[in-house]
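Trainee: Quick one: sequence plus predicted model below, questions after.
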Amino acid sequence: MTSMMPDVQEVLIPSSEIQEKVREIGVRVTEDYRGEKPLLVGILRGAFVMLGDLMRNVDLPCEVDFMDISSYGTGTSSSGVVRILKDLEEDITGRHVLVVEDIVDSGLTLSYLRRSLLARNPASLEICALLSKPERRRVDLEVKYLGFEVPDEFVVGYGLDYAGAYRNLPDVCVLKPEVFGAG
Ligand code: IMP
Ligand code: MG
């Protein structure tokens, strides 16, 4: 990943720490869902990297599905009204659903999504997120499985993008300010 490193200002969370944390979450999920066959729901596109690692650390039969959502809003602030661009393939009625997201910022997107999925009557619905920015939270949202809290800075890597790029960085990083200007 050295070719992208000139754009990186700081490595916030190195790959080794992410891998260790995802392993821990996998162990907790394995214990919590013992005897069940959970459905892991990845929110496209940012969550696909974590979902792939998490799933391989869940020692249970489990299934995977994806949703793509877009939040109505201007620029970087989300309004909390979510449009479903790609819905689940699976019927979640009676299923144990674990939503996997890259980052919880205001929390508006996930809290809206949570309500709309609950209306489909799953047996349970929990949230797993790699990152959270607690300073930015605007609604109460229970994230049962959380990787790391990060400060209020725009981060990329391990699935998270800036303008579609940097998802393949193995570490969670902060970009240099000039990268955004050049966008
Ligand atoms: P929320 O509704 O404000 O919680 O929006 C969360 C969504 O905003 C995440 O799914 C990300 O797509 C995006 N997001 C928020 N902060 C960042 C960041 O620092 N880097 C990349 N994407 C972010
Ligand atoms: Mg997202």
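Mentor: Everything's here; your move. Ligands and ions are numbered 1, 2, ... in the order given.

Trainee: Hmm, R137 is touching L108, no?
Mentor: No - proximity of R137 to L108 does not meet the contact threshold set by Cβ atoms under 8 Å, at 9.3 Å. C-beta: built from backbone N, CA, C; applies to glycine.

Trainee: Show me which of the two is the more surrounded one.
Mentor: The residue with more neighbours, out of R137 and L108, is L108; 21 against 15, by other Cβ atoms under 10 Å.

Trainee: Give me the neighbour count for the closest residue to the more buried one other than its chain neighbours.
Mentor: Leaving aside its chain neighbours, L108 sits nearest to G80 (3.3 Å; criterion: Cβ to Cβ, 6 or more residues apart in numbering). Applying other Cβ under 10 Å, we find 17 residues neighbouring G80.

Trainee: Check what pLDDT G80 gets.
Mentor: Looking at G80, its pLDDT stands at 71.

Trainee: Okay, and D65 sits in which element?
Mentor: strand 63-74 (DSSP states H and E).

Trainee: Kindly export the helix or strand following that strand (C-alpha atoms) in CSV.
Mentor: Sequence-wise, the next helix or strand downstream of strand 63-74 (DSSP H and E) is strand 77-86. Taking C-alpha atoms only, strand 77-86 is exported to CSV below (Å, rounded to 0.1, in the frame of the first residue of the first chain):
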residue,chain,number,x,y,z
SER,A,77,-24.5,16.0,6.7
SER,A,78,-27.1,13.3,6.5
SER,A,79,-30.8,14.1,7.0
GLY,A,80,-31.7,10.8,8.4
VAL,A,81,-34.0,9.9,5.7
VAL,A,82,-32.7,6.9,3.9
ARG,A,83,-33.3,5.7,0.4
ILE,A,84,-32.8,2.0,-0.2
LEU,A,85,-30.8,1.6,-3.4
LYS,A,86,-30.4,-2.2,-3.1
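
Trainee: and the helix ranked longest in the chain, how far from the chain's centre?
Mentor: Of all segments of type helix in the chain, defined using DSSP state H, the longest is helix 15-32. Distance, stretch centre to chain centre, for helix 15-32: 14 Å (Cα atoms, centre = their mean, to the nearest Å).

Trainee: buried ones in the helix or strand just after it?
Mentor: Sequence-wise, the next helix or strand downstream of helix 15-32 (DSSP H and E) is strand 39-44. For strand 39-44, a neighbour-count test (16 or more other Cβ atoms under 10 Å) marks 39-43 as buried.
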